[in-house]
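[1] The following comprises the amino acid sequence and a computationally predicted model.
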Amino acid sequence: MKDNELQFDRSCYVLYSKSCKKQIREKIALYYPPERCESVWTHVQQQYVAFLSDWRTDLGGKKNFHNGAGGN
């Protein structure tokens, strides 16, 4: 799956860097046979998008109590 095909809100999230992508793919290649590497990488991408969809973006900021007086 190409990076630009991933469905997530790009206004508040960023895609992994090229160096991060390279390191992840290298680690996958260490543990999986070459014929499975691409399917494992696709699964990792899908897990990343699922993680982002569940991540809360409303924590923090000036108007939020989490970073204000009495917050964390």
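    Ah, there it is. Numbers count the residues shown, from 1 in each chain.

[2] Give the other helices and strands that the helix or strand bottoming out on mean pLDDT in the chain contacts.
    Ranked by mean pLDDT, DSSP states H and E, the helix or strand of the chain with the weakest confidence is helix 34-54, at a mean of 88. Of the remaining helices and strands, those touching helix 34-54 by 3 or more C-beta pairs under 8 Å, 6 or more residues apart in numbering; DSSP states H and E are helix 18-31. C-beta: built from backbone N, CA, C; applies to glycine.

[3] who touches the helix it packs on?
    3, 16, 37, 40-41, 44 (C-beta atoms under 8 Å, 6 or more residues apart in numbering).

[4] still on that earlier bit, buried stuff in the least confident helix or strand of the chain?
    40-41, 44-45, 48, 52 (16 or more other C-beta atoms under 10 Å).

[5] again with stretch 3-11
    Neighbour count says stretch 3-11 has Phe8 buried, by 16+ other C-beta under 10 Å.

[6] The spatially most central residue of the chain and Lys18: what is the separation?
    Closest to where the C-alpha atoms of the chain average out (C-alpha atoms, centre = their mean) is Tyr48, at 3.9 Å. From Tyr48 over to Lys18 the distance is 15 Å, taken as C-beta to C-beta, to the nearest Å.

[7] Then Gln45?
    The separation that Gln45 has from Lys18, given C-beta to C-beta, amounts to 14 Å.

[8] same question, Lys27
    15 Å.

[9] Pull the contacting residues for Gln46.
    Contacts of Gln46 (C-beta under 8 Å, 6+ apart): Met1.

[10] now it: how far from Leu30?
    In terms of C-beta to C-beta, Gln46 sits 21 Å off from Leu30.

[11] neighbours around Tyr16, how many?
    14 (other C-beta atoms under 10 Å).

[12] Quick check: phi and psi at it.
    phi -60, psi 150 (degrees, to the nearest 10).
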